[in-house]
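In: Just to be clear, the model below is a prediction. Sequence and coordinates:
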Amino acid sequence: MTEHVPVMVEEVLRALPPHLTGWVVDATLGLGGYSEAVLRACPHVSVLAIDQDPQALVMAARRLEPWGNRFRAVEANFRNLKEICTALPERPKGFLFDLGLSNLQLTERERGFSFNNDGPLDMRMSPLLERRASDWINGSSPQELSEIFRLYGEERHAWQLAKGIVRHVSQKGPIETTGALVEVIREILPAPVQRKMGGHPARRVFQALRIVVNDEMAALEEGLAATKKIGADPSSVVVVSYHSLEDRIVKHLFRSWREAGIGEFLNRKALIPTDEEISLNYKARSAKLRAFRLTGHLGRGGDQDEE
Ligand SMILES: C[S@@+](CC[C@H](N)C(=O)[O-])C[C@H]1O[C@@H](n2cnc3c(N)ncnc32)[C@H](O)[C@@H]1O
């Protein structure tokens with residue numbers, strides 16, 4: 001069975017309010033690592049878990065079945081957090097976001113997320129999404145693709161890659177697989193440029209495509225904004241992110257909350273994994289954890305919808 005080793009679990013648990021009772025929302029269930037850790041560590045807490053990936057949901061639900069009615073799982077996008085949480089009997093006291101992909105998504109070639117395994121150019125976390133990565137690659141103008149690579153991949157060679165990809169599609173037909181896209185990228189970029197890139201030459205294009213396919217940045221902003229409306233006083237919002245675009249959104253939002261006087265950062269700086277954790281779990285190397293304790297937000301606009 002695919003395993004996903006959860007990242008910075010101890011630090012995530014420490015960010016929850018002490019002597020916790022009630023509900024915690026695991027907004028990114030994945031294979032259930034955080035949910036299980038909370039259920040184990042906090043005997044008076046129940047977990048509402050969300051994932052938009054039905055495959056992850058089935059596997060995690062099976063794994064967490066022994067926890068009975070202390071665990072509930074919903075297939076949904078966390079951008080709809082407010083609506084999802086109306087099913088709860090009380091305001092949640094913690095929200096956990098472990099962003100990005102699970103091992104299940106990364107390692108199954110059929111999902112099309114990996115530049116190391118050939119598979120269909122898909123990258124949808126949810127089958128309900130209409131546009132696959134191949135639709136973006138084969139149906140966008142060079143300007144659109146370049147903007148996507150620049151914004152979401154911070155790719156220095158965005159324009160050159162976008163132009164080359166669109167030319168390839170118009171001359172040789174659509175790119176339908178991850179392997180074919182990697183090959184095209186390798187053809188476009190001169191070898192010395194590839195050597196200087198540090199890492200796989202397709203890494204940033206793949207990151208950008210994944211973000212745009214799943215509309216990840218907007219979903220994150222909406223999901224985090226909802227916590228302030230529905231979280232108990234006090235409640236913790238804990239986010240583990242894996243690249244600077246995500247981390248920037250979290251940092252700025254938490255800063256704006258502190259300036260509005262509705263809580264405090266739980267750590268002065270983002271926490272990062274120990275060397276020991278990274279040596280045991282390579283995926284943890286780019287993780288950053290930020291946590292905020294919301295207090296005094298209710299009745300001060302925190303629980304109202306902004307127009
Ligand atoms: C890094 S994994 C979580 C791993 C989990 N903490 C564990 O220990 O097993 C991220 C999960 O969040 C899900 N996900 C990402 N964005 C989402 C969103 N906007 N709504 C719902 N689920 C999302 C992905 O499908 C993936 O399964």
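Out: Thanks, I have it.
In: count of residues packed around Glu154?
Out: 14 (other C-beta atoms under 10 Å). Every residue, glycine included, has its C-beta placed from N, CA and C.
In: How about the contacts made by it?
Out: The neighbourhood of Glu154, defined by C-beta atoms under 8 Å, 6 or more residues apart in numbering, consists of Arg204, Ser244, Leu245.
In: got TSV for those residues, with pLDDT too?
Out: Output for these, formatted as TSV (pLDDT from 0 to 100):
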residue	pLDDT
Arg204	95
Ser244	93
Leu245	95
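In: Which residue comes closest to Ala218 once chain neighbours are left out?
Out: Nearest residue to Ala218 in three dimensions, chain neighbours excluded: Arg79, at 7.1 Å (C-beta to C-beta, 6 or more residues apart in numbering).
In: hang on, isn't Val9 packed against Gly33?
Out: Yes: with contact defined as C-beta atoms under 8 Å, Val9 reaches Gly33; the gap is 6.7 Å.
In: what about those two, which has more around it?
Out: Neighbour totals were compared for Val9 and Gly33, and Gly33 leads with 21 against 18 (other C-beta under 10 Å).
In: and the gap between the more buried one and the ligand?
Out: 2 Å (C-beta to the nearest ligand atom, to the nearest Å).
In: How many residues are close by the residue nearest to that residue when sequence neighbours are not counted?
Out: With C-beta to C-beta, 6+ apart as the criterion, Gly33 has its nearest non-adjacent residue at 2.8 Å, and that residue is Pro6. Residues lying near Pro6 (other C-beta under 10 Å) number 20.
In: my read: Pro6 touches Arg40, true?
Out: No: assessed by C-beta under 8 Å, Pro6 is found out of contact with Arg40, at 11.8 Å.
In: all helices of the stretch 101-250 of the chain, in order?
Out: Using DSSP state H, counting those that start in this stretch, the helices assigned to the stretch 101-250 of the chain run over residues 103-107, 133-139, 142-153, 158-172, 178-188, 191-196, 203-213, 216-230, 244-259.
In: and these as TSV, adding distance to Phe113?
Out: TSV is the format used below for those (distance: least, C-beta to C-beta, whole Å):
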stretch	distance to Phe113
helix 103-107	5
helix 133-139	9
helix 142-153	14
helix 158-172	18
helix 178-188	8
helix 191-196	21
helix 203-213	6
helix 216-230	12
helix 244-259	16
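In: winner for burial among those helices?
Out: Of the helices of the stretch 101-250 of the chain, the one with the most neighbours on average (mean count of other C-beta atoms under 10 Å) is helix 203-213, at a mean of 23.
In: Just want to check the distance between the residue nearest to Ala218 and the ligand.
Out: 6 Å.
In: SS state for that residue?
Out: Look at Arg79: counting by DSSP: H, G, I helix; E, B strand; the rest coil, its state is helix.
In: For the one residue in the stretch 201-307 of the chain that gets nearest to the ligand, which non-adjacent residue is spatially closest?
Out: Evaluated by C-beta to the nearest ligand atom, the stretch 201-307 of the chain has Ala219 as its residue closest to the ligand, separated by 3.8 Å. In space, Ala219 comes closest to Arg79 once its chain neighbours are excluded; the distance is 4.1 Å by C-beta to C-beta, 6+ apart.
In: what's the neighbour count on the one you found?
Out: Arg79 has 21 nearby residues by other C-beta under 10 Å.
In: re earlier: who's in contact with the residue nearest to Gly33?
Out: Going by C-beta under 8 Å, 6+ apart, the list of residues near Pro6 reads Gly33, Tyr34, Ala37, Asp98.
In: so which two of the residues you listed are the farthest from each other?
Out: Ala37 and Asp98 (11.0 Å; C-beta to C-beta).
In: Looking at the two now, which is surrounded by more residues?
Out: With neighbours defined as other C-beta under 10 Å, Ala37 and Asp98 compare such that Asp98 has more, 25 against 18.
In: tell me the phi and psi of the more buried one?
Out: phi -120, psi 100 (degrees, to the nearest 10).
In: my guess is it meets Gly32, correct?
Out: No: applying C-beta under 8 Å, one finds Asp98 not in contact with Gly32, separated by 10.9 Å.
In: Contacts only, for Asp51.
Out: Thr28, Leu29, Gly30, Leu57, Ala60, Ala73, Glu75, Ala76.
In: Any chance of the backbone angles for it?
Out: Per-residue torsions, Asp51: phi -150, psi 150 (degrees, to the nearest 10).
In: can you list the residues of the stretch 1-150 of the chain near the ligand?
Out: Within the stretch 1-150 of the chain, the positions adjacent to the ligand are 4, 6, 28, 30-34, 50-53, 56, 77-79, 98, 100-102, 125 by C-beta under 6 Å from any ligand atom.
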